[in-house]
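[1] okay, predicted coordinates and the sequence, questions at the end:
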Amino acid sequence: MIVNVELCECRGWLGADLHPVLKCRTMKSDETRVYLWVTNFGEDASVVTQLIGLEPTFIKRAGQPNQQFPKTLNRIHCWELGSPLPPTAHINAHIDALLELLEPHAAGVKAIAELFEAGINAVVYYYEDFTPGIHLSAHAINRMAAMNLSVDFDLYFLGAEE
């Protein structure tokens, strides 16, 4: 629980005075998910696994219920490998962790990026009351470019829970 302390000015017949006011609210932490995605490989996801040399963290199959929205069906097959960091880690840390997983398999990653559609997706759910910036270092950009990977940012500003 986060406790905010604000000074509140109270005016009465004795004049103005400042009193601390405690406001208690539960604040949800921002959540981040960063992953490599691969599509257009046909129906056999093992082709991607064999080329990259890494096991996926998730496979979506066309026609199957979407994990996040079970009433909708996946439209495409998608192979995913996620960052090993917890959702509360910063987006840059997630990107670096994923790149560290991928770089020993760079030849395979580059091959799948040339054969199929592939890239990195960074999804952030913001619950804080501010608009953050995202900065990618030239080093991170070069690391992705060396494997022929694009990067896509999905940012959701959901606001603080009161």
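    Cool, got the structure.
[2] quick check on Asp96: phi, psi?
    phi -60, psi -40 (degrees, to the nearest 10).
[3] doesn't Met144 make contact with it?
    No - using CB atoms under 8 Å, Asp96 is not in contact with Met144; the gap is 11.0 Å. Using the backbone N, CA and C atoms, a C-beta is placed for each residue, glycine as well.
[4] mind listing the helices for the chain?
    Ranges of helices in the chain, per DSSP state H, are 46-52, 91-102, 106-115, 138-146.
[5] can you say which of these is nearest to Trp79?
    Comparison of the helices of the chain against Trp79 by CB to CB identifies helix 46-52 as nearest, at 4.3 Å.
[6] tell me which residues are up against that closest one.
    Under the contact criterion CB atoms under 8 Å, 6 or more residues apart in numbering, helix 46-52 has outside partners 38, 41, 55-56, 79, 81, 102, 105, 108-109, 111-112, 115-116.
[7] dump the C-alpha coordinates for that helix into PDB.
    C-alpha atoms of helix 46-52 as PDB (Å, rounded to 0.1, in the frame of the first residue of the first chain):
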ATOM      1  CA  SER A  46       8.700 -26.700 -34.500                       C
ATOM      2  CA  VAL A  47      10.300 -25.300 -37.700                       C
ATOM      3  CA  VAL A  48      11.000 -22.000 -35.800                       C
ATOM      4  CA  THR A  49      12.200 -23.800 -32.700                       C
ATOM      5  CA  GLN A  50      14.700 -25.900 -34.800                       C
ATOM      6  CA  LEU A  51      16.000 -22.800 -36.800                       C
ATOM      7  CA  ILE A  52      16.500 -20.700 -33.700                       C
END
